[in-house]
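[1] Build the 3D model from these lines:
(one chain, ligands or ions: 1)
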Amino acid sequence: MTTTLVLGGTGKSGRRIAARLGRNVRLGSRRGTPPFDWDDPATWPAALDGVSAVYISYYPDVSFPGAAERVGAVARAAAAQGVQRLVLLSGRGEPDAEPAEDAVRAVGVDWTVLRCSWFMQNFSEHFLLQSVLDGVIALPAADVAEPFLDVDDLADVAVAALTEPGHAGRTYDLTGPRLLTFADTAAELRRATGRAIRYQTLTPEQYATAAADAGLPAEEIEPLTELFARVLDGHNAHLSEDVTRVLGRPARDFADYAKDVAATGLWAR
Ligand SMILES: NC(=O)c1ccc[n+]([C@@H]2O[C@H](COP(=O)([O-])OP(=O)(O)OC[C@H]3O[C@@H](n4cnc5c(N)ncnc54)[C@H](OP(=O)(O)O)[C@@H]3O)[C@@H](O)[C@H]2O)c1
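    Below is the predicted model of the structure:
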């Protein structure tokens, strides 16, 4: 049997992919056995030993400085150890993520690039959870619409790319089925939770100050603020059919995501 290494295997996308693959999965994270650490190349050979396919989710962000070098180095190490298939999680409409994509394409093994829209799960498993709990989603996004993607759909597409033929050499644009502004997401979250939740537009400077106040590490604030400016300027405000093309079913809607998370009680805390 072959082993699939899932980098970021304890994160939002990686743990869903690992759960779908079931057996013969190795979690690539600092908590994995053996551990994998992006900052420590000495951990890479053991993590890649006996592996035939790798899902690459880079931390902290595939568009941040240094990502292409790290992703390329891991991809080359993987190929040198006999890995035959690489699936990279990338960002949709993010020119700064393209060098990491090119680094994977250049290695010479089968590759698939998954260019993803903003995750719906940012509101439940990431940096917007506290905003939802506080009732104010405050971002430098104005009234730009984004086709939010359910990470469960990303996981289904990634598993297809890791296990089925026909996805090598493909770059997929993964979006949800509907364009929503952040004010729209607040309305959906109000409907799902019955709680008062609103959207507030911040300037980039106000956002940087709020992020610092919230304890975000200083080295992440500037790239994150720049990322918002680059991604949330309207150029991604269009839908893709790639989730349906790969899975043969429509992508999941934000309203269904919000209803399911609300039912768990997470947002009632
Ligand atoms: N959020 C979005 O809307 C969005 C949209 C498009 C693309 N993306 C891309 O998604 C990627 C993140 O994927 P995700 O959201 O699925 O992951 P995530 O939930 O942010 O989880 C991070 C993962 O990285 C691991 N990790 C952290 N530091 C590490 C290190 N030094 N060495 C090895 N592993 C480390 C963590 O495991 P341990 O703590 O156990 O090590 C964890 O498994 C980023 O590249 C981002 O650019 C995000």
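
[2] mean confidence score for the helix or strand where Leu89 lies?
    Using DSSP states H and E, Leu89 sits within strand 85-91. If you average the pLDDT over strand 85-91, you get 98.

[3] Stretch 230-243 now?
    The model assigns stretch 230-243 a mean pLDDT of 93.

[4] What are the buried residues along it?
    Across stretch 230-243, burial judged by 16 or more other CB atoms under 10 Å covers 230-232, 236, 239-240, 242-243. All C-beta spots, glycine's among them, are computed from the backbone N, C-alpha and C.

[5] still on that earlier bit, work out the sheet partners of the strand holding Leu89 and label each with its direction, please.
    Sheet neighbours of strand 85-91, with direction, are listed as strand 51-56 (parallel), strand 110-116 (parallel) (DSSP bridges).

[6] quick check, stretch 253-269 touching the ligand?
    No. In this structure, stretch 253-269 remains apart from the ligand according to CB under 6 Å from any ligand atom; the gap is never smaller than 13.0 Å.

[7] can you confirm Val6 is in a strand?
    Yes. Assessed by DSSP: H, G, I helix; E, B strand; the rest coil, Val6 belongs to a strand.

[8] Hmm, it is touching Arg20, no?
    No. Under the criterion of CB atoms under 8 Å, Val6 lies out of contact with Arg20, with a separation of 10.0 Å.

[9] Which of these two has more residues huddled nearby?
    Set side by side, Val6 and Arg20 show unequal neighbour counts under other CB atoms under 10 Å, the larger going to Val6 at 31 against 17.

[10] Please enumerate the strands of the protein.
    For the chain, the strands identified by DSSP state E occupy 3-7, 25-28, 51-56, 85-91, 110-116, 136-139, 145-146, 170-174, 180-181, 198-201, in order along the chain.

[11] Now the ones you listed in TSV, please, with extra columns for distance to Gly14.
    Supplementary listing: the strands of the chain in TSV, determined by distance: least, CB to CB, whole Å:
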stretch	distance to Gly14
strand 3-7	5
strand 25-28	7
strand 51-56	7
strand 85-91	9
strand 110-116	13
strand 136-139	25
strand 145-146	22
strand 170-174	16
strand 180-181	25
strand 198-201	29
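
[12] give me the number of residues near Arg249?
    Residues within reach of Arg249, counting by other CB under 10 Å, total 10.

[13] Can you give me the distance of it to Tyr257?
    The gap separating Arg249 from Tyr257 is 15 Å, by CB to CB, to the nearest Å.

[14] so which residue of this protein comes closest to the ligand?
    Gly11 (2.2 Å; CB to the nearest ligand atom).

[15] Pull up the per-residue confidence for the closest residue to that residue other than its chain neighbours.
    For Gly11, ignoring the flanking residues on the chain, the nearest one in space by CB to CB, 6 or more residues apart in numbering is Ser57 at 6.1 Å. At Ser57 the predicted local confidence, pLDDT, stands at 98.

[16] Same check on Gly50?
    pLDDT for Gly50: 97.

[17] what sits against it?
    Contacts for Gly50 were tallied using CB atoms under 8 Å, 6 or more residues apart in numbering; they are Thr3.

[18] tell me the phi and psi of it?
    When read as degrees, to the nearest 10, the backbone of Gly50 gives phi 70, psi 20.

[19] right, is the helix or strand of the chain with the lowest mean pLDDT up against the ligand?
    Within the chain, confidence by mean pLDDT, DSSP states H and E is lowest for helix 218-231 among all helices and strands, at a mean of 85. No. Using CB under 6 Å from any ligand atom, we find that helix 218-231 stays clear of the ligand, coming within 8.5 Å at best.
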